[in-house]
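Student: could you look at this predicted model? Sequence included:
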Amino acid sequence: MSLDTARLVVLYAELGQDGAERVICATVEDLAFHLSALEEATKSGQYGKLRRAIAEVMELAEQVGLVSMVSTARDLLECISGGDAVAQAAVMARLGRIAERSLTEVWDIGNLSS
C-alpha cells in the first residue's frame, strides 16, 4: 500500500489542523459511500454507474494521497474496458483490501480516531 503523506502535509499546511481533519473525515466518508456504490453497481451489472463510482473513488483518494487506491481503481477500469470478468473480480477484491487498509491509515494519520 502506498500513501503520499506529502499530500496530507499540504492539506494541514493549507487548512490548519481542524480544517484538514474535517476534509479528511469527509473524504473518508465519501470514499466509503462510493466504494459501496461501486460494489452495488458491480453486483447489478450497471457499468455506467460503476465507471462513475470508480472515477469518484479515484478523485477522492487522490485528494488525501491514497496512491495505491488510485492505481488499483485505474486497474479496475482497464479490466472493465477489456471485458475480463475474472480479472475484474480479482481487482475488485484487491481494491476492497486496499481501501480497508488505506482508509484506516489515513484516518489514523489524521488523528481522527481519537
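Tutor: Here it is on my side, so go on.
Student: how many other residues sit next to Leu103?
Tutor: 20 (other CB atoms under 10 Å). In this view, the C-beta of every residue, glycine as well, is placed from N, C-alpha and C.
Student: what packs against the one helix or strand it maps to?
Tutor: If you go by DSSP states H and E, Leu103 is part of helix 85-109. In terms of contacts (3 or more CB pairs under 8 Å, 6 or more residues apart in numbering; DSSP states H and E), helix 85-109 is packed against helix 5-44, helix 67-82.
Student: show me where the protein dips below the pLDDT cut-off.
Tutor: 1, 107, 109-114 (pLDDT under 70).
Student: residues in contact with stretch 95-110?
Tutor: 1, 3, 5, 8, 20-21, 24-25, 28, 31-32, 35, 38-39, 57, 61, 64-66, 68-69, 72-73, 76, 113 (CB atoms under 8 Å, 6 or more residues apart in numbering).
Student: hmm, back to that, among the helices and strands packed on helix 85-109, which is the most enclosed?
Tutor: helix 67-82 (a mean of 18; mean count of other CB atoms under 10 Å).
Student: packing partners for that one?
Tutor: By 3+ CB pairs under 8 Å, 6+ apart, helix 67-82 packs against helix 47-63, helix 85-109.
Student: can I get those in TSV with distance to Glu14?
Tutor: Below are the helices and strands packed on helix 67-82 laid out as TSV (distance: least, CB to CB, whole Å):
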stretch	distance to Glu14
helix 47-63	12
helix 85-109	16
